[in-house]
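# I would like the atomic coordinates for the input below:
(chains A, B and C)
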Amino acid sequence: MNIIIHTPQQLIDWFKSSNYKELSFDTETTSLKYNELDIVGCSFSDGTNHCYVNLFKNPERPKIISVLKYFFTRKAQLVIMHNAAFDLKVLYKIGITHPCENIFCTQTAAHLLKEEDHTGLKYLAEVLLNADTTSYEAASKFGFNSDAFYKYATNDAIWTYKLYQRFQPQIMQQNLSNLFYNIEMPFQFCLRDLEINGILVDLEENKCLGSRVDEMLYNLTLEMCNYAKIPYVSGTDVFGTQLIHPSINFNSVRQMVPVIERLGMEITERTEPSEQYPEGQKSLGASTLKRLANDPFIKLFIQYKKLIKLRDGFIHPLPTFVDEDGRLRSHFNNNIAVTGRLTSSEPNLQQTPRKNDDLHLDFRKVYIAPEGKSLIAADFGGQELRLLGDLSQDRNMIDAFVNNKDLHLMTANFIFNLNIPNEVLCENHPDYKSVKEKYWDKRHTAKNGVNFPIVYGATAKSISLSLGVVQKVAQGYIDGFMKLYPNVRTSMNKCKQFLLRNGYVYNRTGRRRRFTKYDERAFRQAYNFLIQSTAADMTKACMVMFRREASKHPEWEAKIVLTVHDEIVIEVLDQFVEPAKKCLEYCMVNGYKISVPLVVEVSVGKNYSECK
DNA sequence: GGCTGCGAGACTCG
DNA sequence: TCACGAGTCTCGCAGCC
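Reported below is the predicted structural model:
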């Protein structure tokens, strides 16, 4: 039964006649952007009865919303949504800020059950339900008060219900219930909050940064032109800013290659072969520039590229994303990365540049706390390595974490035969600091050249390339690592065998990754998945816990504003920084426990840069 | 000649 | 066959009007 609802009484009657304890729900809106978002209607289905609630230019809108609010704040019901975080955001906008938390997101379920597939409602309806779908544009061209639109909107709720009937048993069968109901569903509310809150931006600071970068770019371009004898025209714009246009485009690899060769350098690196270029093209990537880095022109070119990236990738686009209230609301997607990590887009806040000491540029300063508030950033110390310890159950590695030993120094000590006494590796030993200082280089090599790459399944070849040593030496490092932590290799083999037997692997929260190819790359991906996906689930669980704990202290005005894989950033009133800091740290250490202790580094500042 | 869409390559982050 | 997971920018080309 398909009913169109225009009055509050009709809605009440519909709820009474339906199985309101288990309903699918979908919203129709004017826009997907938070500041432009407005509801035009919504639809429900209980599997048999369906309805569309029209809220567009409806004089009864406030009363209907009151009925919706009453429905959504009841406790004993399950609300099924496709992309729950979005619908929760729409509900929040119309004043339903604390809806029932017993939800089932069919999009999240789809992702958990088939992590590499698309998860859009229309796509799933076509593929799994053989449904005939219409696009939003096609339906809305007749107006929000047309039969075509009503039908379109109601179908969304019907399909969502059908997907629920299909996915719910599969979630149980694949042992995904704990991950789904205890982490992912409560996490939908964190996602909602993240997108509603956004993060405050200092546009003045961004402008200052832009001016400095422009000036540096002008000088660099001039210097490069003079050095390489490249013709240019220069002048000033209407604001008096100096401009320079070289006769060639420095951003074009194809145009830069002849310049660099004319200066006497040889370019041996090539890009991947393609149909158009069977032998690849000459490449000016990071490895080429690293090799030629001693040349004065390349030195300038490297700086030029850094500045261009900062200007075009971050400084220039930033203002276009900032809403009227000065806050930037990026989109966080939970159903893209196969490891369960969040992704961020428009803009991607997770790739915000770190401070550049060479150029004295610090883009992170543009993300700030409002007046009277501070930012608190907390990140896990060695999250993935600790998870490697938990996964492998390697005695040496666990011992290092339990006794607070410096794992990087420990690896360096073993593979470079530094002869540091075992007890000095403990971070609380009186000699630890001086030894760490003394072997800083070796520790750095062990950390970035050995410990981290091994989590990715690095080979002797890749390590030799990244460290600039011959492959034999690199193989020695890997062998040393595996000798020091023998269970790592054992657990890698176990993972490989499981994958070959079952076609998938699963992590300790139950999250799965399926494979169709079983080559060396797949083995690396599978093992890395066990670590990276658990890290992602851990961070989510901790955010869920923090959201719950912080809700007990509304006076803190704590808001989650950002998360970057192993890091959670909140803003909080200045006078409550201390308790909020303690709370965040507690939640991250205890939100998801593993067999090795977790360490969290917390910092406070008025802007994101100070939180480091 | 200008516009749009697309893939490749390069760079940003954890 | 450079090591896991992502997103965005520019270039250069193809196709269209």
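# so where does the residue of the stretch 51-200 of chain A found nearest DNA strand B fall, helix or strand?
Closest contact between the stretch 51-200 of chain A and DNA strand B, by C-beta to the nearest atom of the strand, is at residue A:137 (13.6 Å). C-beta here means a position set from N, CA and C on the backbone, and glycine is covered the same way. Applying DSSP states H and E as the criterion places residue A:137 in helix A:136-140.
# next, the buried residues of that helix.
A:139-140 (16 or more other C-beta atoms under 10 Å).
# pLDDT on that helix, on average?
The pLDDT scores in helix A:136-140 average 74.
# for that helix, packing partners?
If contacts are counted by 3 or more C-beta pairs under 8 Å, 6 or more residues apart in numbering; DSSP states H and E, helix A:136-140 sits against helix A:147-173.
# what comes into contact with the worst-scoring helix or strand of chain A on mean pLDDT?
Sorted by mean pLDDT, DSSP states H and E, the helices and strands of chain A end with helix A:136-140, the least confident at a mean of 74. Contact with helix A:136-140 is made by A:146, A:148-149, A:151-153, as judged by C-beta atoms under 8 Å, 6 or more residues apart in numbering.
# if we go to 6 Å?
A:148-149, A:152 (C-beta atoms under 6 Å, 6 or more residues apart in numbering).
# so what's the backbone phi/psi at residue A:327?
phi -100, psi 150 (degrees, to the nearest 10).
# so which bits of the helix ranked longest in chain A are buried?
Longest helix of chain A, by residue count under DSSP state H: helix A:520-551. For helix A:520-551, burial by neighbour count (16+ other C-beta under 10 Å) applies to A:522-547, A:549-550.
# so what are the sheet partners of the very next helix or strand once past it and their directions?
The helix or strand immediately downstream of helix A:520-551 is strand A:559-563, counting by DSSP H and E. Sheet pairing of strand A:559-563 (DSSP bridges) gives strand A:567-573 (antiparallel).
# and the strand it pairs with, does that touch DNA strand C?
No. Contact of strand A:567-573 with DNA strand C (C-beta under 7 Å from any atom of the strand) is absent, the minimum separation being 12.2 Å.
# report the angle between that strand and helix A:520-551.
20 degrees (axes from the mean of the first three to the mean of the last three C-alpha atoms, to 10 degrees).
# beyond strand A:567-573, next helix or strand please.
helix A:577-590.
# kindly calculate the angle that that following helix makes with strand A:559-563.
Using the same axes, to 10 degrees: helix A:577-590 against strand A:559-563 is 50 degrees.
# do helix A:577-590 and DNA strand B meet at all?
No. Counting by C-beta under 7 Å from any atom of the strand, DNA strand B has no neighbours in helix A:577-590; the shortest distance is 13.0 Å.
# okay, buried residues for the helix or strand following that helix please.
Using DSSP H and E, the next helix or strand after helix A:577-590 towards the C-terminus is strand A:600-605. Of the residues in strand A:600-605, A:600, A:602, A:604-605 count as buried by neighbour count, 16+ other C-beta under 10 Å.
# closest one to DNA strand B out of the residues you listed, please.
Nearest member of these to DNA strand B, counting by C-beta to the nearest atom of the strand, is residue A:600, at 12.9 Å.
# from residue A:545, how far off is the residue nearest to that closest one when sequence neighbours are not counted?
Excluding its sequence neighbours, the residue lying closest to residue A:600 (C-beta to C-beta, 6 or more residues apart in numbering) is residue A:588, at 4.5 Å. Between residue A:588 and residue A:545 the distance is 8 Å, computed by C-beta to C-beta, to the nearest Å.
# isn't there a strand covering residue A:244?
Yes. Assigned with DSSP: H, G, I helix; E, B strand; the rest coil, residue A:244 falls within a strand.
# in the stretch 51-200 of chain A, where is pLDDT below threshold?
For the stretch 51-200 of chain A, no stretch is flagged by pLDDT under 70.
# which residues in it form helices?
A:61-72, A:84-93, A:106-113, A:121-129, A:136-140, A:147-173, A:177, A:185-197 (DSSP state H, counting those that start in this stretch).
# show me what the first one is packed up against.
Spelled out, that is helix A:61-72. helix A:8-17 (3 or more C-beta pairs under 6 Å, 6 or more residues apart in numbering; DSSP states H and E).
# please apply the same query to the second one.
Contact partners of helix A:84-93 among helices and strands, from 3+ C-beta pairs under 6 Å, 6+ apart: strand A:22-29, helix A:185-197.
# the last one now?
Using 3+ C-beta pairs under 6 Å, 6+ apart, the elements in contact with helix A:185-197 are helix A:84-93, helix A:520-551, strand A:559-563.
# ok and the first one relative to helix A:61-72, angle-wise?
For helix A:84-93 and helix A:61-72, the angle between their directions (the same axes, to 10 degrees) works out to 130 degrees.
# tell me how far helix A:84-93 lies from the chain's centre.
Distance of helix A:84-93 from the chain centroid (C-alpha atoms, centre = their mean, to the nearest Å) equals 20 Å.
# which of the helices and strands packed on helix A:185-197 sits closest to DNA strand C?
Short answer: helix A:520-551, nearest of the helices and strands packed on helix A:185-197 by C-beta to the nearest atom of the strand, at 4.0 Å.
# residues from the stretch 451-600 of chain A in reach of DNA strand C?
Counting by C-beta under 7 Å from any atom of the strand, the residues of the stretch 451-600 of chain A near DNA strand C are A:453, A:456-459, A:461-463, A:465-466, A:521, A:524-525, A:528-529, A:532, A:565.
# do you know how far residue A:258 is from DNA strand C?
For residue A:258, the distance to DNA strand C (C-beta to the nearest atom of the strand, to the nearest Å) stands at 11 Å.
# check which helix or strand that residue maps to.
Going by DSSP H and E, residue A:258 is part of helix A:253-262.
# for that helix, which residues meet the burial criterion?
Those would be A:253, A:256-257, A:259-260, for helix A:253-262 by 16+ other C-beta under 10 Å.
# kindly indicate which of those lies nearest DNA strand C.
residue A:253 (6.6 Å).
# okay, and the beta partners of residue A:2?
Here residue A:2, judged by DSSP bridges, has bridge partners residue A:50.
# the residue of chain A found nearest DNA strand B: neighbour count?
Closest approach between chain A and DNA strand B, counting by C-beta to the nearest atom of the strand: residue A:271, at 2.9 Å. Neighbourhood size, residue A:271 [other C-beta atoms under 10 Å]: 14.
# quick one, what contacts it?
Counting by C-beta under 6 Å, 6+ apart, residue A:271 has contacts A:280-281, A:283.
# do stretch A:404-411 and DNA strand C meet?
No. Using C-beta under 7 Å from any atom of the strand, stretch A:404-411 stays clear of DNA strand C, with a minimum separation of 13.8 Å.
# ok now that stretch, how far from the chain's centre?
Using C-alpha atoms, centre = their mean, the offset of stretch A:404-411 from its chain centre is 28 Å.
# ok, stretch A:398-416 next?
Distance, centroid of stretch A:398-416 to centroid of chain: 29 Å (C-alpha atoms, centre = their mean).
# now do the end-to-end distance for it.
In stretch A:398-416, first residue to last residue: 21 Å (C-alpha to C-alpha, to the nearest Å).
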